[in-house]
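Q: predicted model follows, preceded by the sequence.
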Amino acid sequence: MTFIDVTRPGTKQKSGNLHIISKTIREIEDIFMRLGFEVAEGPEVEDEWHNFDALNVPKNHPARDMQDTFWIKGVDKTVLRTHTSGVQNRAMMAKKNPPIRVIAPGRVFRNENTDATHEAQFHQCEGLMVGESISMANLKGILLEFLKNFFDNDEVNLRLRPGYFPFVEPGMEVDVTCTTCGGNDAVCNVCKGSGWIEVLGAGMVHPHVLASAGIDSKKYQGFAFGMGIERLIMLRYGVDDIRDFYDGDIPFIKQF
């Protein structure tokens, strides 16, 4: 006869934890919701109109070529989304009467070679604000507040440089104070002594994009921005290879 000790404590199972990308997305959502934004979602398999046409991307733009975009074989004019900007367009079409404040975090896909700073799949968070009398000052204020909260540093600053994106005009690249040296190390291996690190792209929403969504561009203005979530994590924690997030290395994941 076999006896079982029913009073013996059960074997404790190790609990899992969220991946650092999931944790960071939740944190980003929390920061922007405190700033009055809503979280919007959309399909990862997107039609060409939402991914390109509605965003003022010309028919001959290089981003439509096979080296940048995964086109779905056998399904006409359908792609794996190259950004989450299509979600912004869907949000504007669903609510044609601003004000509109949304962010769109999610996975995106690019047909490019994998290396320490590039992956065929990664995560973005794009944001959109549309209303009356929206200006660059609003854009700078929102982004600065986000970056200070994300990096938990009130000394963080940003600068805007001219840049080109088809769906905004004017467009700009946004740099943040170096998260490693704060601009105080002439030989910093992160900012190369410049004191600045590029973190995202932004700009004022192009009138054609507003018109595509059925919004009167003479009455309303807006700004949009997009940031790579893995890029932010790498800067925050000093990770130097984006592939580490997808290699399934448990000790690497658990350190966060």
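A: Cool, the structure landed.
Q: where does this structure have low pLDDT?
A: 1-6 (pLDDT under 70).
Q: neighbours of residue 114, how many?
A: 12 (other Cβ atoms under 10 Å). No exception for glycine: its C-beta is placed from N, CA and C like everyone else's.
Q: do the same with the one 5 residues further on
A: By the other Cβ under 10 Å criterion, the neighbourhood of residue 119 contains 19 residues.
Q: the closest residue to it other than its chain neighbours: what's it in contact with?
A: Leaving aside its chain neighbours, residue 119 sits nearest to residue 242 (5.3 Å; criterion: Cβ to Cβ, 6 or more residues apart in numbering). Neighbouring residues of residue 242 by Cβ atoms under 8 Å, 6 or more residues apart in numbering: 116-119, 122, 230-231, 234.
Q: which of the residues you listed sits closest to residue 17?
A: residue 230 (18.1 Å; Cβ to Cβ).
Q: quick one: that closest one from residue 117, how far?
A: Separation of residue 230 from residue 117 (Cβ to Cβ, to the nearest Å): 9 Å.
Q: more neighbours: those two, which one.
A: Applying other Cβ under 10 Å to residue 230 and residue 117 shows that residue 230 carries more neighbours, namely 22 against 13.
Q: tell me where the stretch 1-150 of the chain has strands.
A: Ranges of strands within the stretch 1-150 of the chain are 38-39, 45-47, 78-80, 100-109, 121-131, based on DSSP state E, counting those that start in this stretch.
Q: for residue 86, which of those strands is the nearest?
A: strand 45-47 (5.1 Å).
Q: and that closest one, what does it pack onto?
A: Strand 45-47 is packed against strand 78-80, with contacts defined by 3 or more Cβ pairs under 8 Å, 6 or more residues apart in numbering; DSSP states H and E.
Q: now with 10 Å, please.
A: strand 78-80, helix 85-94, strand 100-109 (3 or more Cβ pairs under 10 Å, 6 or more residues apart in numbering; DSSP states H and E).
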